[in-house]
Every structure is written in C-alpha cells, then in structure tokens.
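Sharing a model prediction with you, sequence too.
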Amino acid sequence: MKQILLLAIAAMTFASCQQNTAKTPAESTAATSTTAEGTGTPVAAADAAVMTFDNGIYNFGKITTGEKVHYSYKFKNTGKSPLIISNATATCGCTIPEVPKEPIQPGAEGEIKVVFDSMGKFGMQDKVITVTSNANPSVAELHLTGEIQEAK
C-alpha cells in the first residue's frame, strides 16, 4: 500500500513539473510571420533598414608578415528605418572590426573600420567579417583578402 501511495505522489510531482508547450493558434501565426519558412531566421519588416556597401571585398594585395592592414568599409542606410549594428565578428582574433555605436539614419552613411594583423600568417588570406544588424538582410559578410609573404 505504501508503494502505491509513493508511486502516486511521484507521478503527480512529475506531472505538475511538466510545462505546457502547446501554442494557441495566434501564437503559432505570430511565430511563423517573424521567421523565414523552416529556417528560424528572423525576417525584417518591409520598412527595415538596408545596409548597402560601396565594396564588400577589399584586397590588400601583397604584404610582408607582421604588417597591419587598416581599412574602412563604407556603407549607406538605403532603408526607411534607422540602422542599428548589434555585432561584428571576424573569423579569427587577428582581425578586429569596429562598428558605429550610434544608429545610422535613413540616407546617412557610416563605416566599419577593420584592422588585420598579419603577424604569424603566411600565404593567401580571406578573413570574413560578419556584421549583424536590424537591416534586411540581418547578416552581412565582408571579405578582407590578400597575400602575406615572408620578410626577406
């Protein structure tokens, strides 16, 4: 009898700990309208900011190992809302991006400054800077390419 009572208490405890994950029809509709079909990627509104780059690829040519490359990717907000850059990351710690902290108003221009340190690098390089923002699309990729030669 004690075992049955103990099992019943354990079953009620587990049942009360379960969370109800079922969504109402309104919640399901809202979730599908804000994400791309089957990808889970957020979709920006029609009047969202649009980040348009003058040039998304910069080739620094040939440099000697240890040199630093400084470059600014210039862009314009061609959308209808203020552009807010939330993050910028590079493929390795040798490339450091610096983004504007203030929102870029529609029609205004901005720049993402990048410093690449070639110390310890050799050969062809393609460093990718991933920029995340409220723009449409929300993720942009910039490339910094070139060749690093050994010092003579």
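Perfect, I can see it now.

how does the chain divide into domains?
As recorded under automatic domain parsing, the domains making up the chain are 2-33, 51-149.

Can you lay out those as CSV showing mean neighbour count and mean pLDDT?
Backbone N, C-alpha and C define where each C-beta goes, glycine included. Below are the domains of the chain laid out as CSV (neighbours: other CB atoms under 10 Å; pLDDT from 0 to 100):
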stretch, mean neighbour count, mean pLDDT
domain 2-33, 9, 49
domain 51-149, 16, 96
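
Could you identify the helix or strand that succeeds the strand or helix carrying V131?
In this assignment (DSSP states H and E), V131 forms part of strand 123-133. Next helix or strand after strand 123-133 toward the C-terminus (DSSP H and E): strand 139-149.

what is the orientation angle of that following strand with strand 123-133?
Calculated by axes from the mean of the first three to the mean of the last three CA atoms, to 10 degrees, strand 139-149 forms an angle of 160 degrees with strand 123-133.

Start from the N-terminal end of the protein and give the strands.
With DSSP state E as the criterion, the chain has strands at 51-53, 57-64, 68-77, 85-90, 95-98, 109-117, 123-133, 139-149.

Look up the pLDDT of T35 for me, please.
We have a pLDDT of 44 for T35.

Pull up the gap between the closest residue to G120 other than its chain neighbours and A151, please.
In space, and not counting its chain neighbours, G120 is closest to T65: 7.2 Å by CB to CB, 6 or more residues apart in numbering. Distance, T65 to A151, by CB to CB, to the nearest Å: 6 Å.

Let me see the contact set for V131.
The neighbourhood of V131, defined by CB atoms under 8 Å, 6 or more residues apart in numbering, consists of M51, I85, N87, A88, P97, V99, I112, V139, A140, E141, L142.

Tell me what the residue lying closest to G56 once chain neighbours are set aside is bridged to.
With sequence-adjacent residues excluded and distances taken as CB to CB, 6+ apart, G56 is closest to L142, at 5.2 Å. For L142, the beta-bridge partners under DSSP bridges are I129.

L142 contacts I112, correct?
Yes - between L142 and I112 there is a contact under CB atoms under 8 Å: 7.1 Å.

Nothing else from me, thank you.
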